[in-house]
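Chemist: Fold the following for me, if possible:
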Amino acid sequence: MDITWYGHSCFRLAERGQITIITDPYSDTIGLPPQRWKGDVVTTSHHSPGHAALENVKGAVHTISGPGEYEIGGVFVHGIAMHHIDHEQQIIKPNVAFLFEFGTGVNVLHLGDLSHIPDQSTIEQMGEVDVLLVPVGGGNGLKAPTAAEVIGLIEPTYIIPMHYALPGLALDLDPLEKFLKAIGVSRVQEEETLRVTASGQPEQPQVVVLVPQFKGV
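Modeler: Presented below is the predicted three-dimensional model:
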C-alpha cells in the first residue's frame with residue numbers, strides 16, 4: 001500500500017486493485033497551495049476548513065465523517081469517536097479517528113485532531129496498528145510530549161507525523177523538530193511516498209517523515 005501526504009492532515013491511501021482513500025482534505029484558506037484530489041472514499045475527522053473541504057475531492061462515491069463500521073471495496077473502515085471534552089467550559093470538540101484495514105493485511109490509523117490521551121478501552125478498540133498518522137504540532141491537536149505518550153500506548157510499526165508547521169500554513173503550529181526531540185530521534189527517514197506491505201516490516205518502530213506533495217514547498 002502507498003501512503004502519500006499532502007500537508008496538514010491530508011493523506012492518500014492507495015492499494016492496487018482496491019479503493020483509494022483521501023483523509024481530511026483541506027481548503028486553501030489555511031494557507032497551503034490550492035489542491036485537487038481524486039479518490040473513491042473521503043474521510044473527515046471534523047468539520048473545519050482544514051479537514052473537511054469535500055469540494056476539493058473528485059470522484060468520491062463515499063464520504064465518512066462519523067463513528068461506525070463500514071466495508072467499502074474490500075476495505076474495512078472503523079470510525080472511532082475521540083472527541084475532546086472541556087468540562088470547565090462544557091464544550092465538546094468533535095473528532096473522529098479512522099482505522100483502515102486493507103485486505104492486504106495492513107492497518108492504518110488516522111487520529112484526526114486528537115488532543116488528549118485516549119482511555120484504555122479506546123486504545124483496545126484499535127487493535128494492531130501498522131501505520132499511525134499522528135498530529136504532533138499542537139493547535140487543536142496533540143502537542144509533541146503528549147503525541148509521544150499516545151504513540152507509546154498504540155505501539156505502531158510506522159509513525160508518520162502530521163499537523164505541524166509548514167511554510168505558508170496560516171495556523172500557529174509547532175515545528176516538526178519539537179516532536180522529534182520529544183521522542184529522542186535525531187535522524188529520520190524522509191520519503192515522498194511510503195510503501196507498506198504486510199511482510200518485511202521493521203522489527204522496531206520507525207518514524208517516517210513524508211515530504212508534502214504540492215507545489216510551493
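Chemist: Just confirm Leu132 contacts Met162, I think it does.
Modeler: No. Contact criterion Cβ atoms under 8 Å: Leu132 and Met162 do not qualify, at 9.9 Å. From N, CA and C alone the C-beta is placed, and that goes for glycine too.
Chemist: Figure out how far stretch 36-56 is from the centre of its chain.
Modeler: Remark: stretch 36-56 is offset 12 Å from the chain centroid, using Cα atoms, centre = their mean, to the nearest Å.
Chemist: mind listing what's buried in it?
Modeler: Across stretch 36-56, burial judged by 16 or more other Cβ atoms under 10 Å covers 37, 39-46, 48, 50-53, 56.
Chemist: what's stretch 132-143 in contact with?
Modeler: 9, 11, 23, 84, 93, 108-116, 144, 147, 150-151, 154, 156, 158-165, 171-176, 178-179 (Cβ atoms under 8 Å, 6 or more residues apart in numbering).
Chemist: mind listing which of those are in helices?
Modeler: Those of the contacts of stretch 132-143 mapping onto helices are Ala144, Ala147, Val150, Ile151, Ile154, Leu176, Lys178, Phe179, per DSSP state H.
Chemist: Can you convert these into TSV and add a column each for neighbour count?
Modeler: Shown next, in TSV, are the ones in helices among the contacts of stretch 132-143 (neighbours: other Cβ atoms under 10 Å):
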residue	neighbour count
Ala144	21
Ala147	28
Val150	19
Ile151	22
Ile154	19
Leu176	18
Lys178	18
Phe179	27
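Chemist: And the residues you listed, which is closest to Ala60?
Modeler: Ala60 lies nearest to Ile154 out of these, by Cβ to Cβ, at 27.7 Å.
Chemist: tell me the pLDDT at that closest one?
Modeler: We note a pLDDT of 96 for Ile154 in this prediction.
Chemist: can you tell me which residues contact it?
Modeler: By Cβ under 8 Å, 6+ apart, Ile154 lies in contact with Leu109, Ile123, Met126, Val129, Leu132.
Chemist: does the third one really touch His110, like I thought?
Modeler: Looking back up the chat, that one is Met126. No. Applying Cβ under 8 Å as the test, Met126 and His110 come out as separate, 11.2 Å apart.
Chemist: Those two: which has the busier surroundings?
Modeler: His110 (26 against 20; other Cβ atoms under 10 Å).
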